[in-house]
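K.L.:
Return a 3D structure for these sequence lines:
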Amino acid sequence: MNHDLKSLAVATCLEKKASLTPQRLLILETMERQKRPVSAYEVRDILVEAGNSFNIATIYRVLGFWCSHMLVHRLAALNKYVCCAAPEEKHTHIINCCQKCQSTYESCNKQMGIDLDRGPESLGLIYAANTHLEIPVICISCR
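P.N.:
Reported below is the predicted structural model:
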């Protein structure tokens with residue numbers, strides 16, 4: 001596991017007074033090794049191949065835990081999960097997901113030129129902080 005991600009996971013759990021269980025760490029390590037978004041069932045299959053047995057409810061709970069702490073993103077459009085590319089950054093993460101190959105490219109609203117304050121504000125809304133926004137794209141390789 002990337003030392004920075006593990007340190008951030010430990011720090012996050014300490015700050016939030018949450019337990020860093022072996023299952024949580026193993027699932028986070030498994031997510032970090034994936035090159036594309038994966039479903040909870042794919043995570044389970046990867047763990048089983050490595051000799052670990054988890055029921056699917058546990059995997060969903062652990063993925064939900066890491067999503068709540070912004071170390072993993074749930075991609076609603078795909079019903080899959082991906083590790084956050086920059087979990088130490090506290091802003092709205094933009095997940096650009098290729099609709100053909102499912103490659104993900106993470107950026108932030110400022111890099112994308114999206115004003116997430118002014119747009120919703122004109123409708124009397126406030127965009128939820130420390131979350132992510134999904135934008136379906138077609139990557140250069142798939143064009």
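K.L.:
Can you tell me the closest non-neighbouring residue to the most centrally placed residue in the chain?
P.N.:
With distances taken as CA atoms, centre = their mean, His73 lies nearest the centre of the chain, 2.0 Å away. Nearest non-adjacent residue to His73, counting by CB to CB, 6 or more residues apart in numbering: His132, 5.0 Å away. The C-beta positions use only the backbone N, C-alpha and C, and glycine is treated the same way.
K.L.:
quick one: which helix or strand includes the residue nearest to the centre of the chain?
P.N.:
According to DSSP states H and E, His73 maps onto strand 72-75.
K.L.:
same deal with Ser19?
P.N.:
Here Ser19 sits in a region with no helix or strand, counting by DSSP H and E.
K.L.:
Report the separation between it and Ala9.
P.N.:
12 Å (CB to CB, to the nearest Å).
K.L.:
now do Glu89
P.N.:
Using CB to CB, we find Glu89 at a distance of 16 Å from Ala9.
K.L.:
neighbour-wise, which of the two wins?
P.N.:
Neighbours were counted for Glu89 and for Ala9 using other CB atoms under 10 Å; Ala9 has more, 23 against 13.
K.L.:
would you say the more buried one is within a helix?
P.N.:
Yes: the assignment for Ala9 by DSSP: H, G, I helix; E, B strand; the rest coil puts it in a helix.
K.L.:
I'd assumed Val72 was in contact with it.
P.N.:
No: counting by CB atoms under 8 Å, Ala9 stays clear of Val72, with 10.4 Å between them.
K.L.:
which residues are common contacts for those two?
P.N.:
Listed as contacting both Ala9 and Val72 by CB atoms under 8 Å, 6 or more residues apart in numbering are Leu28.
K.L.:
Now do stretch 106-123, average pLDDT.
P.N.:
The average pLDDT for stretch 106-123 rounds to 74.
K.L.:
what sits up against that stretch?
P.N.:
By CB under 8 Å, 6+ apart, the list of residues contacting stretch 106-123 from outside reads 73, 84-86, 89, 91-96, 126-127, 133, 135.
K.L.:
for this protein, which spans come out with low pLDDT?
P.N.:
Within the chain, the set of residues satisfying pLDDT under 70 comprises 1-3, 109-113, 129-130.
K.L.:
and the gap between the spatially most distant residue from the centre of the chain and Leu116?
P.N.:
Computed with CA atoms, centre = their mean, the residue of the chain farthest from its C-alpha average is Ser122, at 28.9 Å. Separation of Ser122 from Leu116 (CB to CB): 12 Å.
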